[in-house]
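Participant: Based on what follows, work out the 3D shape:
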Amino acid sequence: MPVRGSIAGAGFLCVLILCLPVRAQEESGFDELEMEMFFAPADTVESATKHVQPVAESPSAITVLTSEDIEASGARNLPEVLREVPNMDVYMLRPVWYSVGVRGWTTELSETLLLMVDGRDVNVEFIGAPLWTIQYFSMEDIERIEVIRGPGSALYGANAYAGTVNVITKKPGSGPRASVSFHGAEQGLIDVGVRGGEKIGPVSLGLMAGYAEENLWTSRNFPARDVLRARLDGRVDLGLNGDLFIEAGVLDSSGFMHSPLGPLHLRDMFNYYGRLRYSWDKLDVQVFYDRSEIDALFEMNLYMKDIDVTIATIPPVIGQVDKYGTTVMHNLEFFHNRLTYGAEYVFNHYYADVLVTPDKYEHRLGVYLQDEINLSEMVADIWDAKIPTLLLTAGVRYDLNNITEWEISPRASLVFAPAEAHSLRLGYAHAFLKPSFLQTHTHVYVDSELGLDELNVGDPDLRNRSIDSLEFGYSASFLQNRLILKLDLAYNWYRDSIYYETDPDKMNYTTIGAIRVPDIRNPGPGFGFFNNPEGSDGHDIELQVIVRPSELSRIFAWAGYRQVMDNQSKEFVVGEPVWRFAAGADLKTRSGWMLSLRAFYTGETRRIIFNPEGILEPDIPVPVPGHWLVNAKVSVELVKQPFKLSAGLEGFDILGTRFSELGGLPLPNQPDYSAELLGRKIILFLHGEI
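Facilitator: Below you'll find the predicted structure:
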């Protein structure tokens, strides 16, 4: 699809969507003077500075998705709802594995984004990336999601590279006393969740539990995603601004996913964690423990290109990862300054009988300091002069671990509000992405009829990837917050990207009988993970518009554009832009009906190669042309008293986008495979609460 024609079509669809609520208003008869807005604006955020502040004062480009936004979207997992964030890239590779990125920076592993749940880092340390659809919460458990678009290492350290996603769940004792939801769909989708909460004096308790299963189209009786989860939250009010939080969860899952070594069948992953957190006034201290027990099988045979001779197979991987951590944070306010400072320590223990032997360990330490200065109030006190709101945020973090070198991550931002409801932001930030343990220390022990027994993949000399970003932002609201405009521009410098290469001209070889094969015990510089000494520069533009024509309706649209100008990183092709466009409308009537429509467009012409060229058989490079995704949802409240009961129908990718428009994946000759990969499904659901 040509980009010009796609944009024209997107504009027409946007105009059509903008007209929907007006007509619906005439026919539904809902009260425009309703006091509570169905889609209330998010006035405050906490992820950008680690404390609550107005959105207009945020030093970072940030998007907030409320529980109402999530409900209207109909999304059944975290990546699906993140499509509503400006310039967010979401591809479904398997029901259990999504490729998620921001501002066009998308990789198969999705390691460039840091995922946190209630401020706890939930990235899988071994692969350096989160499991987006295997978590302890359901979509009904989420209070809001805050997404920082841009570097965040000055506060959060490694992995807060291209952005940070912080999922904030509902607090114990908040919301309904009990709720239950059921979703069922084609593709074998079953999603059941229950939630309860109770407050007894100073003690509040919350329980979340659920089960989700999703089958492959091509093997309908074989689960591609299977998750059984439970989580218990407790809060004790100690008085005098003191609180004690206790949190524990257990999760059992299986499914198909991806790794840098190839497709991975996660036959079983059992995970449990516990966290203890003490909060008093402006001090926050927490300790946590996370353990994952993994039984996995790599679905790959290593064989010579164009020669049907198997060199080796990777046997099942059985191992565990133990993660211990503690964090301390404190806020100090004096003379128009707000200091936020703290430290984080994480200890990881890795063991896998095939991938990592003997036991391996990782120590990570991070120390940060951030100062927020209200310059306008300072000027007023010192010189008795009044100037418009002017806020300066500056901070730095030092990170050290025993795998790679140390890193210093600075940030600085100036927010200027020349008039009420208008703000300008200028900022700079540096961030880094440490290589994963898989990339640095993995030696794969293999089964082979040719006498080979080891494949060296890890490179302990890998450097951190880094990004420097210069950003400009403008936000404004008009007509008593019924029209919101946001414009963000960023120019980025990328250095030391990590890529996986198989170059037959640089590999070492050995002779077994009459056959000359790669020496996978000592493959040399032509095989494995490497840093690219060359860098790349690129720019991003994002425009977001939110309209609330009535108290019970909302319309949103955003467009994003990215282009890498000087790229040598093997991630993007020089000069080829990436487009993003989204539009949606939501309407809730007084009679209990809710109508929602979403349209997402992606326009890009780069080629994606998941396994690079070389002596080992690669996947075929596939061009990625423009494509549409359209989602719709309709629901109605069946009962309001004495309990609430809602039912509805959701449709994802109802246009049936062709398989070739996703790209980057092997093309099997199997029926319905395209629908499986693109996530097309029709969902029936029930939701009740007391």
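Participant: The worst-scoring helix or strand of the chain on mean pLDDT: what's the following helix or strand?
Facilitator: In the chain, no helix or strand scores lower on mean pLDDT, DSSP states H and E than helix 3-28, which sits at a mean of 36. For helix 3-28, the following helix or strand on the C-terminal side (DSSP states H and E) is strand 44-45.
Participant: Any idea how far apart the tips of stretch 528-541 sit?
Facilitator: The first and final residues of stretch 528-541 sit 35 Å from each other (Cα to Cα, to the nearest Å).
Participant: List the buried residues of that stretch.
Facilitator: Going by neighbour count (16 or more other Cβ atoms under 10 Å), the buried part of stretch 528-541 is 528, 529, 530, 531, 532, 535, 536, 538, 540. The way it works is simple: take the backbone N, C-alpha and C, and place the C-beta from them, glycine included.
Participant: now the helices for the stretch 51-200 of the chain?
Facilitator: With DSSP state H, counting those that start in this stretch as the criterion, the stretch 51-200 of the chain has helices at 67-73, 78-82, 153-156.
Participant: What strand or helix carries residue 295?
Facilitator: strand 283-298.
Participant: How far off centre is that strand?
Facilitator: The chain centre lies 18 Å from the centre of strand 283-298; the measure is Cα atoms, centre = their mean, to the nearest Å.
Participant: So in that sheet, which strands flank it, and in what orientation?
Facilitator: If you go by DSSP bridges, strand 283-298 pairs up with strand 262-280 (antiparallel), strand 317-334 (antiparallel).
Participant: Export those strands to a markdown table and append columns for mean pLDDT, mean neighbour count and distance to residue 184.
Facilitator: Shown next, in a markdown table, are those (pLDDT from 0 to 100; neighbours: other Cβ atoms under 10 Å; distance: least, Cβ to Cβ, whole Å):
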| stretch | mean pLDDT | mean neighbour count | distance to residue 184 |
| --- | --- | --- | --- |
| strand 262-280 | 85 | 17 | 24 |
| strand 317-334 | 91 | 16 | 33 |
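Participant: Redo the ones you listed as JSON lines? Include distance to residue 378.
Facilitator: Output for those, formatted as JSON lines (distance: least, Cβ to Cβ, whole Å):
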{"stretch": "strand 262-280", "distance to residue 378": "29"}
{"stretch": "strand 317-334", "distance to residue 378": "12"}
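Participant: so where's the stretch 201-350 of the chain uncertain?
Facilitator: 216-223, 257-263, 298-313 (pLDDT under 70).
Participant: one more time with 80, if that's ok
Facilitator: Within the stretch 201-350 of the chain, the segments meeting pLDDT under 80 span 214-224, 256-266, 296-317.
Participant: Surely residue 438 is within a helix?
Facilitator: Yes. Assigned with DSSP: H, G, I helix; E, B strand; the rest coil, residue 438 falls within a helix.
Participant: Indicate which one of the strands paired with strand 283-298 is closest to residue 600.
Facilitator: In terms of Cβ to Cβ, the element of the strands paired with strand 283-298 nearest to residue 600 is strand 262-280, at 26.1 Å.
Participant: can you pull the contacts of residue 160?
Facilitator: Going by Cβ atoms under 8 Å, 6 or more residues apart in numbering, residue 160 touches 114, 148, 151, 152, 153, 431.
Participant: ok, the residue nearest to the second one when sequence neighbours are not counted to residue 156 distance?
Facilitator: Closest residue to residue 148 apart from its sequence neighbours, by Cβ to Cβ, 6 or more residues apart in numbering: residue 164 at 4.3 Å. Relative to residue 156, residue 164 is positioned 6 Å away (Cβ to Cβ, to the nearest Å).
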